[in-house]
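Trainee: Got a sequence here, can you build the structure:
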Amino acid sequence: MDRLSGFQAASLVVMRILIGWHFFYEGYYKLMLPGWTRAGRPVAGWSAAGYLNAATGPFAGVFHRLAHSASLAHAVDVAVPIGLTLVGLSLMLGLLTRIGCVGALLFLTLFYVSAPPLAGLPQPQTEGAYLLVNKNLIELAAVLTLLAFRTERLAGLDRLFAFGRSRPVATRSAAM
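Mentor: This next block holds a predicted model:
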């Protein structure tokens, strides 16, 4: 395979950063919705219960059971925003990028199978009519592309740390 041009490499890194921002902000927003009190009444923070209860895919029963188990629902409510935030930071910073890509792929696969677009008609709470292909599947394909092209080698903290490790010991000593 030929080397990537500067434009190609920059495009891949920009795509990684934008996907990272999408994950980061989704997680950050959910984390910033703690249980506050207004006029002495508790206001619930973010919860996955509505999403889990609305699952329609082949594994809908599993998602519904998660929503109806208090301990599992709480675990999902904690794990999802933290996981989204960490995946986002990983992709934006280019730190542990391959792990971040795998995390993104896992989240996107779960989101896709929980509500696959099978109707081909406009659905409530969506902005269009989807049949088989939706934003989750497109973003999943984009993350696969990032993983395939090893964007951690192009830019980010992974590249910086790899550069430091790849230099021979004698060169480091001579430079000091």
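Trainee: CA only for contacts and neighbour counts going forward, please
Mentor: Noted.
Trainee: what mean pLDDT does the biggest helix by length in the chain have?
Mentor: Longest helix in the chain, counting residues (DSSP state H): helix 6-31. Helix 6-31 carries an average pLDDT of 95.
Trainee: Which secondary structure elements does that helix sit against?
Mentor: Here helix 6-31 touches helix 70-93, helix 135-148, going by 3 or more C-alpha pairs under 8 Å, 6 or more residues apart in numbering; DSSP states H and E.
Trainee: of all these, which gets the most neighbours per residue?
Mentor: Most buried of the helices and strands packed on helix 6-31 by mean neighbour count (mean count of other C-alpha atoms under 10 Å) is helix 70-93; its value is a mean of 20.
Trainee: Residues contacting it, please?
Mentor: Outside helix 70-93, the residues within contact range by C-alpha atoms under 8 Å, 6 or more residues apart in numbering are 16-28, 30-31, 46-49, 66-67, 95-97, 99-101, 103-104, 156-157.
Trainee: do that again at 6 Å, thanks
Mentor: Helix 70-93 has contacts (C-alpha atoms under 6 Å, 6 or more residues apart in numbering) with 16-17, 20-21, 23-24, 27-28, 30-31, 47-48, 66-67, 96-97, 100, 156.
Trainee: just the angle between that helix and helix 6-31, please?
Mentor: Computed by axes from the mean of the first three to the mean of the last three C-alpha atoms, to 10 degrees, the angle separating helix 70-93 from helix 6-31 equals 150 degrees.
Trainee: Could you pull out the buried residues of whatever helix or strand Gly50 lives in?
Mentor: Applying DSSP states H and E as the criterion places Gly50 in helix 49-53. By neighbour count with 16 or more other C-alpha atoms under 10 Å, helix 49-53 contains the buried residues 49, 52-53.
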